[in-house]
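Trainee: what's the 3D shape of this:
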Amino acid sequence: MPETTDVNAIRKTLGERNLVFVGMMGCGKSAIGRMVASALKLPFADSDVEIATAADLSIPEIFDKFGEDYFRKGEQRVVQRLLKDGPGVISLGGGAFIPDATRQTIRRNAISIWLTADAEMLMTRLKRRPNSRPLLKTADPMATLADLMRERDPVYRQADIHVESSNTSKHQTRDKVLEALARWLEAGSQSAGALKQGSTG
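Mentor: Just a heads-up that it's a prediction; the model follows:
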């Protein structure tokens, strides 16, 4: 943990808000989310795990039996439920941040963190678990991944904080997230203070 990052100050300033990790499959949302949750002593939840537990089926099984539309509707319900309680750290599935209603709820109840990574790095990581990603069961998974990134990245860019995760270790990425979060919270506190001072003048 970098010496300049005060996790106690982060935790205090965060208040009752959640931290929500968004981004493409394979970018490290679950691994980094758990590490950040541990550093801040907050509970952690993975929306994909919650969906699979509720359905008593794996994510690929849900896709195979019921289709993507069914999965997305269930995903939205689970995410809305997770966002009701805070503070905590939540990792979202790759497509969960895309619906406007979900982003609006996140904006009200959480701070969103986009973990970015290039396509080559994502594919390298995803190949370690080739059967766990239903959307990549195509003739050309790399092309499919690139198409998904072109479609989703403009939406991910709406996240509050962006952190690159391609060429760093998990611990380095965790530290980058905490540093970026501390800066974001400090900037928000300063803005609120300036507004408060202006209103009393």
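
Trainee: what's the spacing between the host helix or strand of Arg103 and its chain's center?
Mentor: With elements delineated by DSSP states H and E, Arg103 resides in helix 100-109, which encompasses its position. Distance, stretch centre to chain centre, for helix 100-109: 13 Å (Cα atoms, centre = their mean, to the nearest Å).

Trainee: Hey, what's the angle from the helix or strand following that helix to helix 100-109? Just curious.
Mentor: The element immediately downstream of helix 100-109 (helix or strand, assigned by DSSP H and E) is strand 110-116. Between the axis of strand 110-116 and that of helix 100-109 there is an angle of 120 degrees, by axes from the mean of the first three to the mean of the last three Cα atoms, to 10 degrees.

Trainee: can you start the count at 4 instead of 1 from here on
Mentor: Will do, 4 is the new start, and the previous item becomes strand 113-119.

Trainee: quick check: angle from the helix or strand that comes right after strand 113-119 to strand 113-119?
Mentor: Sequence-wise, the next helix or strand beyond strand 113-119 is helix 122-129, with elements assigned using DSSP H and E. Interaxial angle, helix 122-129 versus strand 113-119 (the same axes, to 10 degrees): 100 degrees.

Trainee: Rounded mean pLDDT for whichever helix or strand comes after helix 122-129, please.
Mentor: Reading on from helix 122-129 to the C-terminus, the next helix or strand found by DSSP H and E is helix 144-159. Per-region confidence: helix 144-159 scores 90 on mean pLDDT.

Trainee: Okay, buried residues for helix 144-159 please.
Mentor: In terms of neighbour count (16 or more other Cβ atoms under 10 Å), helix 144-159 has its buried residues at 144, 148, 151-152, 155, 158-159. Yep, even glycine has a C-beta here, placed from its N, CA and C like the rest.

Trainee: Turn those into JSON lines, columns for distance to Ile114.
Mentor: Formatted as JSON lines, the entries for the buried residues of helix 144-159 read as follows, by distance: Cβ to Cβ, whole Å:
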{"residue": "Pro144", "distance to Ile114": "32"}
{"residue": "Leu148", "distance to Ile114": "27"}
{"residue": "Leu151", "distance to Ile114": "24"}
{"residue": "Met152", "distance to Ile114": "23"}
{"residue": "Arg155", "distance to Ile114": "19"}
{"residue": "Val158", "distance to Ile114": "17"}
{"residue": "Tyr159", "distance to Ile114": "14"}
